[in-house]
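# Whatever this is, show me its structure:
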Amino acid sequence: MVAKTFGSAVSGIDAKLITIEVNVGQGTNFFMVGLPDSAVKESQQRVESALKNFGYKMPRQKVVVNLAPAGIRKEGSSYDLPIAMGILKASEQVLFPTLDQYVIMGELALDGKLRPVKGVLPIAIEARKSGLKGFILPIENAAEASIVNSLNIIGVSNVGEAIRFLEGELDIEPLVTDTRDIFYNALAKYEFDFADVQGQENIKRAMEIAATGGHNIIMIGPPGAGKTMLAKRLPSILPPLSLQEALETTKIHSVAGKLGENASLIAQRPFRSPHHVISDIALIGEGGNPQPGEISLSHNGVLFLDELPEFKRTVLEVMKQPLEERKVTISRAKVSVDYPANFMLIASMNPCPCGYYNHPEKACVCGPGVVQHYLNKVSGPLLDSIDLHVEVTPVKFDEMTSTGKVESSDSIRDRVINGRKLQIQRFEQNPEIYCNAMIPSHLVKEVCPINEAGKALLKKAMERLGLSARAYDRILKVARTVADLANSENIKVEHLAEAIQYRSLDREGWAG
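Next up, the predicted model:
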């Protein structure tokens, strides 16, 4: 007898429906076809042990399991449960009249319990698209899958519950989640707030500009000046995620297995801070079946690189293309996948190995040429792609002990949201652009026009600082954002002057 059910294979952040066909007939041995990897092939032992613990048996006949379409490689242990259900029906140990109406996924332990799996959200979305009735999966993954409405989400804790449910003996109420309620309740819950930061008003201003225009930013300053503390608070002033962005972000973390048990929709912008020993493969994405790297996990959020010169040069070089194209293409011998990578880069660094070059009070002890060598660890093209260079100085004692009221992240975010609204209106004919940092080169002059006084100021700055053409575009984009924060239709000289001052690493005096 032939039994049929459905599973799913995840490719990138999308899923494809897999038909699992099981035939039990005359003969001996167990055969699995349809490009299964080693983990899928090993399901025979897990399935046999799990079924035995619940009073069922593996047929002592010829069992053929076909995973179709055969051209797609199947990976991982999440096919255990649908294979077990197919074997039970094909061997006529149970009837399962509705088996072909569900997507079924789950890894089996030897005692029959179910372990959670990765990529549940894209699988649930694909199941709904395919018109299936529901999704049977480990109970720890049920909250994540319930984000998708119009699909019966059946969470089970072991293979026995799945069998009894499909037989109609056990009534399991589908898990229903009010996605919008979860989303809106979690929007403004941030662990860190700018209200906790005394002083550093110039850095807060630079971060407000960066958040408004979606600009990349680097902070240069001595140890203990507050660079990491400030970076952690940047997500709290970014515009809230839209529901579509939240779903896309959750899909990426689901595929990577980063959601955790009983997790649901990600409603806050991600903040990723990889250590400087990270490899270029881990940053971009890795594996025979490519998994999202740190760049994609920070999609719609912030990627923070602390102590930037300590990262390997190859790691920093691979970021240039994602920064420009806002996506990552990972190619392997037999597969190529695209992961979105629309993130804000925030980096920090000491000005020199000892950390006190250009310090207002402490003397730098680095020898001649050491500072330049240290800065050269970060390539010029990468620095050119970072819009704002900001110097961070230690907070003075009077500011640190001040009892005056400090502006909160909420009030800063209100101004950021207003600035973003102007940009959305400006680019309503170009839906792929929604912030000033995304303005393509051919539109910079049209979107960021400056008057004669502004041109004279910019010409003088470029000649003195030796700025590249890319830096010229960056200055105009930042000036456009400063004007948006001032609710000004035109870029004025003062807006341009403020934008120019955020190119610290291009100035003379940073040569070492």
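# and Ser115, how many residues sit next to it?
Rather than Ser, residue 115 is Arg. 14 (other C-beta atoms under 10 Å). C-betas here are computed from N, CA, C, even on glycine.
# how much space between it and Cys352?
Taking C-beta to C-beta, to the nearest Å as the measure, Arg115 falls 50 Å from Cys352.
# same question, Lys113
On the measure of C-beta to C-beta, Lys113 and Cys352 end up 56 Å apart.
# Which one of those two is surrounded by more residues?
Applying other C-beta under 10 Å to Lys113 and Cys352 shows that Cys352 carries more neighbours, namely 24 against 17.
# Quick check, the more buried one in contact with Cys366.
Yes. Cys352 lies in contact with Cys366 (C-beta atoms under 8 Å); the separation is 4.7 Å.
# For the stretch 301-450 of the chain, which residues score under the pLDDT cut-off?
For the stretch 301-450 of the chain, applying pLDDT under 70 flags the ranges 333-334, 397, 399-401, 403.
# What ranges does it have for its strands?
302-305, 327-331, 336-340, 344-349, 388-391 (DSSP state E, counting those that start in this stretch).
# Mind putting these into JSON lines with distance to Phe183 and mean neighbour count?
Putting these into JSON lines (distance: least, C-beta to C-beta, whole Å; neighbours: other C-beta atoms under 10 Å) gives the following:
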{"stretch": "strand 302-305", "distance to Phe183": "19", "mean neighbour count": "24"}
{"stretch": "strand 327-331", "distance to Phe183": "25", "mean neighbour count": "17"}
{"stretch": "strand 336-340", "distance to Phe183": "19", "mean neighbour count": "18"}
{"stretch": "strand 344-349", "distance to Phe183": "21", "mean neighbour count": "24"}
{"stretch": "strand 388-391", "distance to Phe183": "31", "mean neighbour count": "22"}
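# Turn the ones you listed into CSV, columns for distance to Gly55.
Shown next, in CSV, are the strands of the stretch 301-450 of the chain (distance: least, C-beta to C-beta, whole Å):
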stretch, distance to Gly55
strand 302-305, 51
strand 327-331, 45
strand 336-340, 42
strand 344-349, 56
strand 388-391, 66
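# nearest to Asp178, of those?
Nearest to Asp178, of all these, is strand 336-340, at 26.4 Å by C-beta to C-beta.
# contacts for stretch 369-386?
216-218, 308-310, 313, 316-317, 319-320, 323-324, 345, 347, 349, 351-353, 357, 364, 366, 389, 468, 470-471, 474, 505, 510-512 (C-beta atoms under 8 Å, 6 or more residues apart in numbering).
# mind checking the end-to-end distance for it?
End-to-end span of stretch 369-386 (C-alpha to C-alpha, to the nearest Å): 24 Å.
# Could I get the buried residue list for that stretch?
Going by neighbour count (16 or more other C-beta atoms under 10 Å), the buried part of stretch 369-386 is Val370, Val371, Tyr374, Leu375, Val378, Leu382, Leu383, Asp384, Ser385, Ile386.
# What ranges does the stretch 51-200 of the chain have for its strands?
Per DSSP E, counting those that start in this stretch, the stretch 51-200 of the chain carries strands over the ranges 62-68, 102-104, 107-108, 114-115, 134-138, 152-156.
# In JSON lines: the ones you listed, plus distance to Thr228 and mean pLDDT.
Output for the strands of the stretch 51-200 of the chain, formatted as JSON lines (distance: least, C-beta to C-beta, whole Å; pLDDT from 0 to 100):
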{"stretch": "strand 62-68", "distance to Thr228": "47", "mean pLDDT": "96"}
{"stretch": "strand 102-104", "distance to Thr228": "43", "mean pLDDT": "97"}
{"stretch": "strand 107-108", "distance to Thr228": "38", "mean pLDDT": "97"}
{"stretch": "strand 114-115", "distance to Thr228": "36", "mean pLDDT": "96"}
{"stretch": "strand 134-138", "distance to Thr228": "37", "mean pLDDT": "96"}
{"stretch": "strand 152-156", "distance to Thr228": "39", "mean pLDDT": "96"}
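# would you list the ones you listed in a markdown table and tack on distance to Ala186?
Below are the strands of the stretch 51-200 of the chain laid out as a markdown table (distance: least, C-beta to C-beta, whole Å):
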| stretch | distance to Ala186 |
| --- | --- |
| strand 62-68 | 38 |
| strand 102-104 | 27 |
| strand 107-108 | 29 |
| strand 114-115 | 27 |
| strand 134-138 | 23 |
| strand 152-156 | 20 |
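# give me every residue that touches Lys89.
When the contact criterion is C-beta under 8 Å, 6+ apart, the partners of Lys89 are Met1, Ala3, Val22, Leu95, Phe96, Leu99.
# what's the lowest-pLDDT member of the residues you listed?
Least confident of these in the model: Met1, at 81.
# contacting residues for that one?
Applying C-beta under 8 Å, 6+ apart, the residues near Met1 are Asn23, Val24, Lys89, Ala90, Ser91, Glu92.
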